[in-house]
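> Generate a structure from the sequence data that follows.
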Amino acid sequence: MRVFLRDVLLLQPEWDSENTPAMQERGRLLGQDLAGWLREHLPALTRNAPIEIDDWNVHPSDGAGNKNVIPWVRVHSSSRSPKATLRWYVVYLFEAQDHRAYPALMQGASEWKNREAQPRPRWLLRQRAQAMRKALEP
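Numbers count the residues shown, from 1 in each chain. You can find the predicted model right below:
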């Protein structure tokens, strides 16, 4: 996995919104190599989940149409978080220029209204984050 993370990060400085050869390679690394590794290791990665979930999935994204500056790969429950805009999931985020990747627990911060992604209210996101922090306390 470390090699796949490194290789994606090495391509980040070559970011282009177009599907250049570097962005095609980044997409392949995310969609095949990194996502494939995570899928293969899901049983071990999810063994200690606090609740039993039987529909873990992996979804990479480096953009729909134009390429994202910050690509990601998320691990989620297909039924509980079918889209990145819904509920909670774990995600690897790749910095735009600074060779770093971050695993993070994320919540859907936007919702689709009138065919556009609209940000959820900050107060709601803070409230949900605070509730999650409390739920995760030992």
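> what are the ranges of the strands in this structure?
56-61, 72-77, 88-94, 101-107, 110-113, 116-119 (DSSP state E).
> Adding mean pLDDT, mean neighbour count and distance to Leu125, write the ones you listed out as a markdown table.
C-betas here are computed from N, CA, C, even on glycine. Below are those laid out as a markdown table (pLDDT from 0 to 100; neighbours: other C-beta atoms under 10 Å; distance: least, C-beta to C-beta, whole Å):
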| stretch | mean pLDDT | mean neighbour count | distance to Leu125 |
| --- | --- | --- | --- |
| strand 56-61 | 96 | 18 | 20 |
| strand 72-77 | 96 | 21 | 17 |
| strand 88-94 | 95 | 18 | 12 |
| strand 101-107 | 94 | 14 | 7 |
| strand 110-113 | 88 | 12 | 10 |
| strand 116-119 | 90 | 10 | 9 |
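> got the buried residues for the top helix by length along the chain?
In the chain, with assignment by DSSP state H, the single longest helix is helix 122-136. Residues Arg128 are the ones in helix 122-136 that count as buried (16 or more other C-beta atoms under 10 Å).
> who touches stretch 80-92?
Stretch 80-92 has contacts (C-beta atoms under 8 Å, 6 or more residues apart in numbering) with 5, 34, 53, 59, 61, 72-77, 101-112, 117, 132.
> please redo it, this time with the cut-off set to 6 Å
Contacts of stretch 80-92 from elsewhere in the structure, counted by C-beta atoms under 6 Å, 6 or more residues apart in numbering, are 72-76, 101, 103-108, 110-111.
> end-to-end on that stretch?
19 Å (C-alpha to C-alpha, to the nearest Å).
> ok, back up a step: tell me which two of the contacts of stretch 80-92 sit farthest apart.
The distance between the two most remote of the contacts of stretch 80-92 (C-beta to C-beta) is 26.5 Å, for Ala101 and Glu111.
> and the nearest residue to Pro103 once chain neighbours are set aside, what are its bridge partners?
Nearest in space to Pro103, with sequence neighbours left out and distances taken as C-beta to C-beta, 6 or more residues apart in numbering, is Tyr92 at 5.5 Å. When bridges are taken as DSSP bridges, the partners of Tyr92 come out as Val73, Pro103.
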